[in-house]
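> Quick one, structure for this:
(one chain, ligands or ions: 1)
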Amino acid sequence: MLDDSKPDVSNVVVRPARAVSGAVRIPGDKSISHRYAMLAAIAEGKSRFQNFSAAQDCASTLGCMHALGSDWERKEDGAIEVQGVGQRLREPAHPLDCGNSGSTMRMLSGILAGQTFSSELFGDESLSRRPMARIMTPLSQMGARIESQEGGRPPLKIHGGPLTAIHYKPEVASAQVKTCVLFAGLLAEGETTVDEPIRTRDHGEVALRAFGAHVERNGNTACIQGGQKLHGIEAHVPGDLSSAAFFLCAAALFRGSALTLPGILMNPTRARLLDILILMGLEITVAQLEEHHGELVGTIEARGGTWRGTTIGGADTAALIDEIPVLAAAAPYTENGMEVRDAKELRVKESDRISAVATNLRKMGAEVEELPDGLRIPGGQQLHGAELESFGDHRIAMAFAVAALRAEGETTIRGADAAGVSFPSFFADLQKIAK
Ligand code: S3P
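Numbering: from 1, shown residues only. Alright, predicted model coming up:
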């Protein structure tokens, strides 16, 4: 199915498959791993994480926390051990490299805003284009001074200091912004609230509680009292549902496929994906439900059946924001097509994901309409293999490896190594289950 024997490791060739079957162990959730690494650094005592994300993005977070004085090491059993230094971090000797990771830059800014020193955050070419005004506004209101490039782009210079609590109503539905403000709120004087326009993933709130902070939630509002101390924890990071999404969509493309994914994150603010896949015809059962530090985990069994289209908009778009690329890449194979709306945020992710999906689908021969805030993709289409670009975006590389499984002929994905940003073992795992 895959031929990555070519010397250029950044190009991967994907051949059509007839079915998808087997079991895959999915690496730890990226969103949770970032938050655990940051909170472990500002906690008192040691923390230990099993199944910490293998993503390059999370390595960027660990690198930044190390530069800020928190040592960490990988133990023989694969666990990551982080030495907490408490809420006063060390002034870094160099600018902090966030790599490709918007999560690192945005959420860490909340912690840096409350420090007594100045620091600089920078990223790669893609991250340097991403909007940061969304965190600069609330952090400035809390008392930090932040300099950016024109239009609120990175690098950021954060001049930290004493913070005052705010009641903040973000304009965009963003869990990164919410978490950034709650992290700053932990270091501020008074009670900080974030009132979201649409409820986003709540791993920030759940992780803060796991480390011992009291965080309240009322409807779409999360609330934290400043000055609370955190303590280190031992945790097992659930498998990343957004990474599992690629394999679930691959299974959905072939009637009779059978896939088992143990230990996957089932947090209700992320699991809307499963409802949508069921609606589209994938048969899903979840067994062995458990709760770890406030996060639900379960084993997913999926069987391919019919593959119907659907419309994704409003709150669903926010809930599925990271999975839309793969859903859209698989949409031409649905019976009746897919429409994605209210997804302007996709244009300011690691790439312009609306344009990247439309470009690659067209190269595979698909009919697709690009909308300012989404895509309209007719169903019942047969695609052909093509030379595609990842656009340096991990989710685009993986989404089109999935689409390539049902195409006629082989597909080359240029810059496929981008997958390492969230899922380094993706192509090896795909090879195991695609028959
Ligand atoms: C994330 C939130 C989302 C998501 C990103 C991870 C998080 O971004 O797309 O991959 O961990 O909070 P936004 O907050 O920009 O919506």
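> Please count neighbours and contacts with C-alpha atoms only from this point.
Noted.
> quick one, domains of the protein?
2-27+238-433, 30-235 (automatic domain parsing).
> So what's the gap between the last one and the chain middle?
Centre-to-centre, domain 30-235 and its host chain are 15 Å apart (C-alpha atoms, centre = their mean, to the nearest Å).
> now the helices: where do they sit in this structure?
Remark: helices assigned in the chain by DSSP state H are 30-41, 56-67, 102-112, 133-142, 175-187, 203-210, 241-252, 272-280, 315-319, 324-329, 353-363, 394-404, 426-433.
> Can you lay out those helices as JSON lines showing mean pLDDT, distance to the ligand and mean neighbour count?
Shown next, in JSON lines, are those (pLDDT from 0 to 100; distance: least, C-alpha to the nearest ligand atom, whole Å; neighbours: other C-alpha atoms under 10 Å):
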{"stretch": "helix 30-41", "mean pLDDT": "98", "distance to the ligand": "4", "mean neighbour count": "26"}
{"stretch": "helix 56-67", "mean pLDDT": "98", "distance to the ligand": "10", "mean neighbour count": "23"}
{"stretch": "helix 102-112", "mean pLDDT": "98", "distance to the ligand": "6", "mean neighbour count": "26"}
{"stretch": "helix 133-142", "mean pLDDT": "98", "distance to the ligand": "9", "mean neighbour count": "21"}
{"stretch": "helix 175-187", "mean pLDDT": "98", "distance to the ligand": "4", "mean neighbour count": "28"}
{"stretch": "helix 203-210", "mean pLDDT": "98", "distance to the ligand": "7", "mean neighbour count": "21"}
{"stretch": "helix 241-252", "mean pLDDT": "98", "distance to the ligand": "9", "mean neighbour count": "26"}
{"stretch": "helix 272-280", "mean pLDDT": "98", "distance to the ligand": "14", "mean neighbour count": "18"}
{"stretch": "helix 315-319", "mean pLDDT": "97", "distance to the ligand": "7", "mean neighbour count": "21"}
{"stretch": "helix 324-329", "mean pLDDT": "98", "distance to the ligand": "10", "mean neighbour count": "26"}
{"stretch": "helix 353-363", "mean pLDDT": "98", "distance to the ligand": "11", "mean neighbour count": "21"}
{"stretch": "helix 394-404", "mean pLDDT": "98", "distance to the ligand": "10", "mean neighbour count": "28"}
{"stretch": "helix 426-433", "mean pLDDT": "98", "distance to the ligand": "17", "mean neighbour count": "18"}
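> Gln381 is nearest to which of these?
Minimum separation from Gln381 across these (C-alpha to C-alpha) falls at helix 353-363, 10.7 Å.
> Show residues contacting that closest one.
325, 328-329, 346-347, 367-370, 373-375, 386-391, 396, 400 (C-alpha atoms under 8 Å, 6 or more residues apart in numbering).
> Tally up the residues packed near Glu76, please.
Neighbour count for Glu76, taken as other C-alpha atoms under 10 Å: 7.
> Then Ile413?
Residues near Ile413, counting by other C-alpha under 10 Å: 25.
> Contact residues of the protein facing the ligand?
Ser31, Ser103, Ser174, Ala175, Gln176, Val177, Ile321, Asp322 (C-alpha under 6 Å from any ligand atom).
> still on that earlier bit, what's the ChimeraX syntax to select whichever of the contacts of helix 353-363 are buried?
To isolate the buried members of the contacts of helix 353-363 in ChimeraX, using 16 or more other C-alpha atoms under 10 Å:
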select :325,328,329,346,347,367,368,374,375,386,388,389,390,391,396,400
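> Span of stretch 51-60 from start to end?
17 Å (C-alpha to C-alpha, to the nearest Å).
> can you tell me which residues contact the residue lying closest to Leu62 once chain neighbours are set aside?
Once flanking residues are discounted, Leu62 sits nearest to Ala37: 6.4 Å by C-alpha to C-alpha, 6 or more residues apart in numbering. For Ala37, the contacting residues are Thr61, Leu62, Met65, Val82, by C-alpha under 8 Å, 6+ apart.
> contacting residues for the residue lying closest to the last one once chain neighbours are set aside?
This points to Val82. Leaving aside its chain neighbours, Val82 sits nearest to Trp72 (4.2 Å; criterion: C-alpha to C-alpha, 6+ apart). Residues near Trp72 by C-alpha under 8 Å, 6+ apart: Leu62, His66, Ile80, Glu81, Val82, Gln83.
> can you tell me how far the fourth one sits from Pro162?
The reference is to Glu81. On the measure of C-alpha to C-alpha, Glu81 and Pro162 end up 30 Å apart.
> and these two? which has more neighbours close in?
More neighbours surround Glu81 than the other of Glu81 and Pro162, with 20 against 14 (other C-alpha under 10 Å).
> Show the contacting residues for the more buried one.
Per C-alpha under 8 Å, 6+ apart, neighbours of Glu81: Lys46, Ser47, Arg48, Phe49, Trp72, Glu73, Arg74, Lys75.
> closest to the ligand among those residues?
Phe49 (17.3 Å; C-alpha to the nearest ligand atom).
> Correct me if wrong: the closest one contacts Gly232.
No - in this structure Phe49 lies outside contact range of Gly232 using C-alpha atoms under 8 Å: 10.4 Å.
> so where's this protein uncertain?
Regions of the chain meeting the criterion pLDDT under 70 cover residues 1-9.
> one more time with 50
Along the chain, segments meeting pLDDT under 50 span 4-7.
> on that earlier part again, out of the helices of the chain, flag the one nearest Gly294.
Of all the helices of the chain, helix 203-210 sits nearest to Gly294, with 6.0 Å by C-alpha to C-alpha.
> ok, residues contacting that closest one?
Helix 203-210 has contacts (C-alpha under 8 Å, 6+ apart) with 31-32, 35-36, 39, 175, 178-179, 182, 214-215, 222, 230, 233, 293-295.
> Now for the residue of the stretch 301-435 of the chain found nearest the ligand, how many residues are close by?
Closest residue of the stretch 301-435 of the chain to the ligand, C-alpha to the nearest ligand atom: Asp322 (5.2 Å). By other C-alpha under 10 Å, the residues close to Asp322 number 20.
> mind listing what it touches?
Counting by C-alpha under 8 Å, 6+ apart, Asp322 has contacts Ser242, Arg395.
> follow-up on the earlier one: any idea how far Lys46 is from the residue nearest to Val82?
Per C-alpha to C-alpha, Trp72 is found 9 Å from Lys46.
> hang on, the earlier thing: out of the contacts of Trp72, which is nearest to Thr269?
Looking across the contacts of Trp72 and measuring by C-alpha to C-alpha, the closest to Thr269 is Leu62, at 25.2 Å.
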